[in-house]
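Novice: sequence unknown, structure follows:
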C-alpha cells in the first residue's frame, strides 16, 4: 500500500496551498530517501517543528540494520537494541509518549512514537519540555507514519544487493553478540563463584555483589536472546505473521485462503528469508486473486532443514502467466536469495507455484583463495566464520574442540594477514567466499 492510500496518513485537513514549501520538500526527500539515509532525512524534516538531540528508529523490518540513527554521536553510537525494545514494550498504542527512559546508558527525557501496523519505534531524545503542547507534534507524528510506511515499502522492494548485505550484517551482529555473551558470562560466573566462597567473611558484601552480578547476567543473556530473535524467526511465528498480513484479504475479498501450517519444530528462518517469504506469498496471492473465477487459494510452508519450501495454488482457470511483470518481480526477489521459483499452469485447473529459499548463504570459494595456502580444515573454519558461526558451533559441527578452532583461527589470521574476525570475513567476501 502506498502512502497516498494509507488512511493513517490522511489525517491532516490543511490545504496543500497553505503548507510551507520547506515542509513539502522534506516530504519529497523522505519519499525518495534510501534506507541508509532515511533517519537523517526524517531528522531534517522534524527539527524545525520539534527540536531534539538525536533521532533513533527501531524497526524489525530491517533485520540487518534494525537501528537507523541521526544526531548526537554519543547517543547514537551507544544506544542499544535492548534499551529500545524495553521502551517500546511500555507503549500501549501509537500515540505520542513523553517521559524519561534509559537510553544510551543513562536516563534521559524522550519523546517516543510507535507505528501500529509495523511495530516500528521512533525516539527523539531531549525534546522540548511538555512536547504535547508543541504545535508541531501532530506534524512530527504524520512524518513518522510516512517514514514507517516507506521503510516497509522499501524493504519489500529491496534489490538483491540490499538483501545480501542485510544477511551478512545480521550474521556478523549475531556472531559479535554471541562472543560478547560468552566472554562476559564466563567473567561474571567466575566472579559469582568467588563471592560465594566460604573464605570471604563479609556476608553482606557477598550477597550484594552476588545479586548485582546475577542481574547483570540476566540482562546480558536477554540482550543476546533479543538480538537472536531479530536475526532468526521461528518458522511457525513467521507463518502466523503471514496469516495476519493476509487476514484483510480473506475478510473482504470473498476468496477463501487456506493455510497449511509448517512443522512447529522446523528450523528458525533468517530474518531476510522470513520477510522475503511473506512478501513473495502476498504477491502470489494477490496475482492469483486478480484472475477470473478464483474462489480459493491454498498456501503451504515446509522446511527440510536447509530450505524453506513454499507452495501456493489456486482453483482458477489456469490464466496466470509465468512472464507477467508481477511474477517476474517476485522471481527476482527469489533469485536475490539464491532461491528458485517454478510455476505449473494447468488450463482449466488453476496455477501451482513452488518456491525454494535456501536458509544458508552459499559457500563457494573463489579460485584465488588458493593463493592463501589454506589447509582443508582451515578453509572449512573460514567458511563457517563467513557464515556467522561462533567457535562453539564450529567445534560441535566439525567434531573438534574449541581450542582447536581457536588454533585454526589464529593460523587464518596469519595467512590472511588480518587482525580480527571482521577483517577476515571482509577479506573473504572480497574474494567471493560466501
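Specialist: Arrived safely. A quick note: this is a predicted structure, and the numbers were derived from the prediction, not measured.
Novice: Just the terminal-to-terminal distance for stretch 313-330.
Specialist: Start-to-end span of stretch 313-330 (CA to CA, to the nearest Å) is 15 Å.
Novice: buried set for that stretch?
Specialist: 313, 314, 315, 316, 317, 318, 319, 320, 327, 330 (16 or more other CB atoms under 10 Å). For glycine as for every other residue, the C-beta is placed from the backbone atoms N, C-alpha and C.
Novice: and which of those residues is nearest residue 104?
Specialist: residue 330 (40.3 Å; CB to CB).
Novice: secondary structure class for that closest one?
Specialist: helix (DSSP: H, G, I helix; E, B strand; the rest coil).
Novice: gap between the closest residue in space to it that isn't next to it in sequence and residue 214?
Specialist: The spatially closest residue to residue 330, leaving aside those adjacent along the chain, is residue 283, at 4.8 Å (CB to CB, 6 or more residues apart in numbering). Applying CB to CB, to the nearest Å, the value for residue 283 to residue 214 is 48 Å.
Novice: How far does stretch 322-331 sit from its chain's centre?
Specialist: Centre-to-centre, stretch 322-331 and its host chain are 25 Å apart (CA atoms, centre = their mean, to the nearest Å).
Novice: pLDDT on that stretch, on average?
Specialist: Averaged over stretch 322-331, pLDDT sits at 85.
Novice: can you list contacts of that stretch?
Specialist: 280, 283, 284, 286, 287, 320, 321, 341, 343, 345 (CB atoms under 8 Å, 6 or more residues apart in numbering).
Novice: Looking at those, which are in helices?
Specialist: Using DSSP state H, the members of the contacts of stretch 322-331 that fall in helices are 280, 283, 284, 286, 287.
Novice: Among those residues, which one sits closest to residue 29?
Specialist: residue 283 (28.3 Å).
Novice: helices or strands up against the helix or strand hosting residue 142?
Specialist: For residue 142, the host element (DSSP states H and E) is helix 137-156. Contacts defined by 3 or more CB pairs under 8 Å, 6 or more residues apart in numbering; DSSP states H and E place helix 137-156 against helix 21-32, helix 38-46, strand 106-114, strand 121-125.
Novice: which of the residues in it are buried?
Specialist: By neighbour count on 16+ other CB under 10 Å, the buried set for helix 137-156 is 137, 139-152, 154-155.
Novice: Can you redo the buried residues of stretch 313-330 as a markdown table, where the extra columns are distance to residue 337?
Specialist: Converted to a markdown table, these look like this (distance: CB to CB, whole Å):
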| residue | distance to residue 337 |
| --- | --- |
| 313 | 22 |
| 314 | 24 |
| 315 | 29 |
| 316 | 28 |
| 317 | 31 |
| 318 | 28 |
| 319 | 28 |
| 320 | 22 |
| 327 | 16 |
| 330 | 12 |
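Novice: Filter the residues you listed down to just the ones in helices.
Specialist: Short answer: the buried residues of stretch 313-330 in helices (DSSP H) are 327, 330.
Novice: before we move on, back to that, most neighbours among the contacts of stretch 322-331, which one is it?
Specialist: residue 284 (26 neighbours; other CB atoms under 10 Å).
Novice: Correct me if wrong: it contacts residue 353.
Specialist: Yes. Assessed by CB atoms under 8 Å, residue 284 is found in contact with residue 353 at 5.6 Å.
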